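Peer 1: Need coordinates for the following:
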Amino acid sequence: MYAVELGEDGAVLAPLEPWQAGEFLAHMDRGREAIGRYVGLADAVTDPDTARAFLTSYAEKAAADTGRLHGIREKDGTLVGGVLLRTLDLVQGVCEAGCWLEPSATGRGLVTRAATALIDWAVEERGIHRVEWYASSANAASLAVAARLGMTREGVLRQSYLHRGERHDMEVWAVLAPEWRARREGARR
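Peer 2: Here you go, the predicted model:
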């Protein structure tokens, strides 16, 4: 297995696989209410079978080269969140990135660092031209990550997402490969 270091605090980014379903479920249980506030993942992963099914679906996406799922781990190995490419369309050069994090790990830049590593891979290794980010207009934390990643807010899909009986406006953010590279090059200077 491989892991990408996310900084001096010892956090790492590594693939999440079906054999880790028990650990993934325990992580969801710890953060279920916070994660589920705006994201359907917490409602979809509720027991060992649904945890394994979710992880298996991403293992199949990875095998088909149509998506990726990676966990964010603390220095001690505890799974505290994740980033994913929900979709990965290599023909069109477009993917949709996303994230989640349990409350114990917020406020330290873990998601921003993890998403940066994943987007770097998508752009530089897979040739993605456009990385999209969708988030509820009410999800200030996710929108802040998109802004920190240098994405542009492109619009709002009004009441397009039904979650827990409430319709949410979804914001569409994106960054293009030339913008991403210019920003990353500027950060290295």
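
Peer 1: how near is L143 to W173?
Peer 2: From L143 across to W173, the span is 7 Å (Cβ to Cβ, to the nearest Å). In this view, the C-beta of every residue, glycine as well, is placed from N, C-alpha and C.

Peer 1: isn't F54 right up against V45?
Peer 2: Yes: here F54 reaches V45: they are 5.2 Å apart, a contact under Cβ atoms under 8 Å.

Peer 1: Overlap of the contact sets of these two?
Peer 2: Taking Cβ atoms under 8 Å, 6 or more residues apart in numbering as the contact rule, F54 and V45 both touch F24.

Peer 1: Between L143 and W173, point out the one with more neighbours.
Peer 2: W173 (22 against 18; other Cβ atoms under 10 Å).

Peer 1: The helix or strand containing the more buried one - contacts with which helices or strands?
Peer 2: Assessed by DSSP states H and E, W173 sits inside strand 166-176. The contact analysis (3 or more Cβ pairs under 8 Å, 6 or more residues apart in numbering; DSSP states H and E) places strand 166-176 against strand 130-136, helix 140-148, strand 152-163.

Peer 1: partners of it, with directions?
Peer 2: strand 130-136 (antiparallel), strand 152-163 (antiparallel) (DSSP bridges).

Peer 1: got the buried residues for the longest one?
Peer 2: Spelled out, it's strand 152-163. For strand 152-163, a neighbour-count test (16 or more other Cβ atoms under 10 Å) marks Y161, H163 as buried.

Peer 1: From the chain's centroid, how far away is it?
Peer 2: When distances are taken as Cα atoms, centre = their mean, to the nearest Å, strand 152-163 is centred 17 Å away from the chain's centroid.

Peer 1: Are there residues contacting both of L143 and W173? Which ones?
Peer 2: Joint contacts of L143 and W173 (Cβ under 8 Å, 6+ apart) are A135, R153.

Peer 1: re the thing from before, out of F54 and V45, which sits in the busier spot?
Peer 2: Per other Cβ under 10 Å, whichever of F54 and V45 has more neighbours is V45, with 24 against 20.

Peer 1: show me what contacts the more buried one?
Peer 2: V45 neighbours (Cβ under 8 Å, 6+ apart): F24, L25, M28, A51, F54.
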